[in-house]
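Chemist: below is the sequence, then the predicted model.
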Amino acid sequence: MTATRFHTPATLDEALGLLDEHGDDARLFAGGTAMVTLMKQSLLAADHLVSLQRVPGLEGVRLEADGLHIGALTRHRDVETSDLVRVYAPLLAHVYSRVATVRIRNAATVGGGLAHADPAQDPPAALIALDARVRIASRRSVRELPVEELFVDYYETALAPGEAITELIVPRQPADAGAVYLKFLPRTEDDYATVAVAALARIVDGRAHGVRVALIAAGPTPVRATVVERALEGAPITAEAVRRAAEAVVDAVDPLDDFRGSAGYKRDMAVVFTRRALERALGLSPA
Amino acid sequence: MVDYHAIGTPTPRVDGVEKVTGRALYAGDRRLPGMLTGRLLHSHRPHARIVRIDTSAARALPGVHAVITGDDVRGHLYGRRIKDMPVLADGLVRYFGERVAAVAAEDEETARRAVDLIEVEYEDLPAVFDVVDAIAPGAPLLHPAFGTYPGTQPLDVPSNAYDHTVTERGDFDGAFAEADFVFERTFSTQRMHQAYLEPHTSLVSVTDGRAHIWTNTKAPHSIREVLTVTLGLAPEQIVLHHSHIGGDFGGKGTPLDLPIAYFLAQASGRPVRMVADYVEEFMAGNPRHATLTRFRTAVMRDGTITAHHVEYFVNSGAYAAYKPGGRIGGATRAAGPYRIPNTRIESIHVYTNSVPGGHMRAPGGPQGVFALESHLDAIARELDIDPLEFRMHNLIAEGDEPASGDQITRPRVRETLQAAADAAGYRDAKALHVGRGMAIGDHGAGGGVGNAEVTIHPDGAVTLGTAIFDQGSGTYTTLAQVVAEELGVPVDRIRFEIWDTDGTGGEDDSGIGGSRATRVNTVAAHAAAQDARTALTRVLAAQLGVAEADVALRGPDVLTPGGEPHTWAAILAEVGRSVTGRSHVDERGPTHMTGFAAQIAEVAVDPETGQVTVLKITSAHDVGRVLNPIGHQGQINGGVIQGLGYALMEELTFADGQVTSLSFGDYKIPTMRDVPQLTTVLLEPDNGIGPYQIKGIGETPNTPVAAAIANAIADAVGIRISDLPITAEKVYRALQNRGAAAQ
Ligand SMILES: Cc1cc2nc3c(=O)[nH]c(=O)nc-3n(C[C@H](O)[C@H](O)[C@H](O)COP(=O)(O)OP(=O)(O)OC[C@H]3O[C@@H](n4cnc5c(N)ncnc54)[C@H](O)[C@@H]3O)c2cc1C
């Protein structure tokens, strides 16, 4: 942490300009919950920290035709408690409420959370299941990317140097869909998940439709379990069909050994929790 | 029943407001002029010879005032009883994390950079981490010079097993020969960190030939004595000043970096403060010991236990230095309050290339009790006897000698267990995969010496002088209650004067530890208050012109035969001087009294995941008089929660001798949301120690929890986990293995 300069730009342009100017030597600083920990552990050093705190317009939730727009600087706690989110994407409100403790959620931002890209973070599971996108700005361009494509590897995103996430766009959650997030916490309530699953599905004429399954803490990045989705899409809803579809999740996950369990255990648990999440989403077991 | 006004009344912490408003000063809050920051270089090898240390770059860094290595402090050995630990590694490192070199610099940043600039060349040596490996023939010997350390005697045969104690009773072999069944099992426990909020802190200033010390220790006088040997100073040359302590749980009896801070202060000529960070706490603290317990137990068909063999191995880590007695208890806890006539109890302390263990809340207790109470439960289930009945059949009653060898007057263990079973609804119907399990522990109040001084001022204020450094468990509050009680004044009238180590006028003071604080210090405060009362009576008698025998103190009033009632405060104000009572008490003798705890855990096990959800813990206690119900209940709740962490999640994990759980993200402790329903049952007090007939409570509530939970899991799903912590994955694997075996 030597001689780091802490910049507090007043506009987004100014912030993007600083990022551009200092290239690899600069990092954005939002809630700081991840940054400060990494810096204290000497896992991260930056000569220039570019704080977004004073940049206006990056905070808050609004509803537009294509869904909810959530500013990158919106706190986890504000997503969790937003009436708009609770109405139009209740799964998301729930998932943000499952992050860490309220102390972290009061500081951690949506953009910082996504850019941190620890595969054990909760929100991406729901964001992927809901087909959410991020809006990314740099001094030169603005682009959008599905959240599913944001994560490249362990703590690595598709963001290029000079780019910042400005907004998260979340299509409305289909009102008739069952939506479930199961976070497996065998140690403590404030822990990261051993494995967690978001599942979304509608029932049309006794068949599963629009099946979405995404997992976190199950590999180097959050994963969408398309093998499971495909196995179930259009299928008659039976316990057996769900069980078999859930078993396919082992082909989608690639977990690591850590304090929350061995890779083998997490693989087994991915199956159990995928099945349970789907059972609930499809009304086979009580929510 | 005596009618008390302060004793037994729920009393908020006397230092609570000071602490929550930030006014209370901790060692890390102290700033001295010219103070430097000390930082350490820790070993990154579990066992290695130090070939070369190059400190030149560190010394050359601007802002660095001193760099010291083992060469600078050679011959200075540290340890509470066994002085086997060099202040800095002396040519050899014996564990990953060992203190190798130290730097004092203008600020923390510079100190850290200087540490990074120190180069060490190591030559690796074979390392042993496990007690069984460490005592195997041919194992590398950690301390070939063991017998030469202060506080030791040479071993008959050189060994890493530096302490092997065997006690045998009855016809041990004969009983096994006649037994209907013999049960053998092995249990192991993990290393646990005390997880106090405040890390170890040492601030040393050497002025006028005296070492002035601010550190978070609960045993300042004992530490001063240790330091005389380690630093080569006379007791008068060392003074420990008071600071508040941010939690202890047993871990604040050995200031880990204190001798190093002293030598840095000497080398730099400036005060030096060292504050450990939590990586250092996890890597090189003084955690609860890992243990391995092997049992062989002879049982008759009717469930009578006739013989019991305990082999209790304590993984000491690389040094014995942090153990106040050189070893910890626990072996006798693995024999317990059971009526077993023939026993062999072996306690074996073994050096390994791992972080040295220290004291944690009931040292050895949770380890021994987890093993024994799990083992007995397994026996009961195998014999198809209800675990409660099996215990009741074998537990001691008045007059029986327990297998532990303890002498206990009026043991109320059966009553305590029955009370727990009743309150827990032990025999109520259970849902599928829900189980109930029980365990018993006990802990007597330890002894020691203590001091107190009570001064009554002419304005009616009362000061209690004490040598105690309250480590957060509430001793000051209890002592204020005692003085208030004896002087008939409200608790908030009592002010504290906390002495540095000079304050006892040369008397020793045992400080806090081993559940002794309340026992020893209520006696001391009581005696000083009584002494002050006598002095007050003398002054009042003189002022009122009556005989001392005719002066009666009733609360705020003084009564004389036929005289008008006065408040004694008014008379003392007239006299215009204060009166003082003092005490030095020796409470080292055995009490033959213990406090039993019986707990019943109710758990639900998810058979698909192995997840254990603890639904309820019922904790029954055989107590003496409860002095402060708030503090007492706090000890029970906190102890049970700490026991829950020990049972299910807390573990210092290792890879090749290196601690890998280096943050509270990896080393999880229970949060409030993980706490199950807690029910407490207190037995009606019927005996106790000292003027108020008390018993210790600090070290019983955490002791049986892990065994109770393990037994509840066995009850719920029929599997036995014999190594702590009981993670979901272990339960899942055990269920899978059983499933595989059944097919
Ligand atoms: C104790 C603790 C427990 C936790 N438990 C959980 C948990 O259970 N579940 C969970 O999901 N998460 C958990 N987290 C992680 C937490 O969600 C992240 O730390 C947080 O979301 C990061 O957000 P922030 O605003 O604090 O980011 P910062 O720390 O400020 O930044 C994090 C990263 O994002 C970059 N960044 C910040 N803003 C932007 C932006 N707008 N565009 C591009 N890059 C940006 C920064 O440069 C940095 O690389 C936990 C964290 C802590 C400290």
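Modeler: Looks like it came in fine. Only a predicted model underlies this, so the values are computations on that prediction, with no experimental measurement involved. Residues are numbered from 1 along each chain as shown, chains lettered A, B, ... in the order given.
Chemist: find the nearest non-adjacent residue to A:T81, please.
Modeler: Taking CB to CB, 6 or more residues apart in numbering or on different chains, and ignoring the residues beside it in sequence, A:T81 has A:A93 as its nearest neighbour in space, at 7.6 Å. Where C-beta positions appear, they are placed from N, C-alpha and C, glycine not excepted.
Chemist: the one you found: helix or strand, and which one exactly?
Modeler: Taking DSSP states H and E as the definition, one finds A:A93 inside helix A:90-97.
Chemist: show me what that helix is packed against.
Modeler: helix A:76-81, helix A:83-88, helix A:123-129, strand A:177-184, strand A:195-204 (3 or more CB pairs under 8 Å, 6 or more residues apart in numbering or on different chains; DSSP states H and E).
Chemist: is that helix in proximity to the ligand?
Modeler: No. When contact is scored as CB under 6 Å from any ligand atom, no part of helix A:90-97 falls within range of the ligand; the minimum is 8.4 Å.
Chemist: any idea how far that helix is from the middle of the chain?
Modeler: Here helix A:90-97 shows a centroid-to-chain-centroid distance of 11 Å under the convention CA atoms, centre = their mean, to the nearest Å.
Chemist: give me the contact list for that helix.
Modeler: With contacts defined as CB atoms under 8 Å, 6 or more residues apart in numbering or on different chains, helix A:90-97 is touched by A:68, A:76-77, A:79-82, A:85-86, A:105, A:122-123, A:125-127, A:129-130, A:170, A:173, A:179-181, A:198, A:200.
Chemist: picking up where we left off before, what's the most buried one of the helices and strands packed on helix A:90-97?
Modeler: helix A:123-129 (a mean of 29; mean count of other CB atoms under 10 Å in any protein chain shown).
Chemist: so what does it touch, helix or strand wise?
Modeler: The helices and strands touching helix A:123-129, judged by 3+ CB pairs under 8 Å, 6+ apart, are helix A:90-97, helix A:110-116, helix A:147-150, strand A:177-184, strand A:195-204, strand A:207-216.
Chemist: may I have the second one exported as PDB, CA atoms only?
Modeler: This points to helix A:110-116. Taking C-alpha atoms only, helix A:110-116 is exported to PDB below (Å, rounded to 0.1, in the frame of the first residue of the first chain):
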ATOM      1  CA  VAL A 110     -23.200  -4.200  -7.600                       C
ATOM      2  CA  GLY A 111     -20.400  -3.300 -10.000                       C
ATOM      3  CA  GLY A 112     -17.600  -4.000  -7.600                       C
ATOM      4  CA  GLY A 113     -19.200  -7.300  -6.800                       C
ATOM      5  CA  LEU A 114     -19.300  -8.300 -10.400                       C
ATOM      6  CA  ALA A 115     -15.800  -7.100 -11.200                       C
ATOM      7  CA  HIS A 116     -14.300  -8.900  -8.200                       C
END
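Chemist: mind listing residues that contact that helix?
Modeler: Helix A:110-116 is contacted by residues A:28, A:30-35, A:52, A:58, A:70-76, A:79, A:99, A:121, A:123-124, A:127, A:134, A:147, A:150, A:155, A:157, A:159, A:164-166, A:168 when judged by CB under 8 Å, 6+ apart.
Chemist: lowest average confidence across helices and strands of chain A, where is it?
Modeler: Across the helices and strands of chain A, mean pLDDT, DSSP states H and E gives its lowest value to helix A:33-40, namely a mean of 91.
Chemist: what comes up buried for stretch B:450-463?
Modeler: When neighbours are counted by 16 or more other CB atoms under 10 Å in any protein chain shown, the buried residues of stretch B:450-463 are found to be B:450-458, B:462-463.
Chemist: need the max-distance pair from the residues you listed.
Modeler: Greatest spatial distance in the buried residues of stretch B:450-463: B:G450 and B:P458, 27.5 Å, computed using CB to CB.
Chemist: re the thing from before, turn the buried residues of stretch B:450-463 into TSV, including secondary structure and pLDDT.
Modeler: Supplementary listing: the buried residues of stretch B:450-463 in TSV, determined by DSSP: H, G, I helix; E, B strand; the rest coil; pLDDT from 0 to 100:
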residue	secondary structure	pLDDT
B:G450	strand	97
B:N451	strand	97
B:A452	strand	98
B:E453	strand	98
B:V454	strand	98
B:T455	strand	98
B:I456	strand	96
B:H457	coil	94
B:P458	coil	90
B:V462	strand	96
B:T463	strand	98
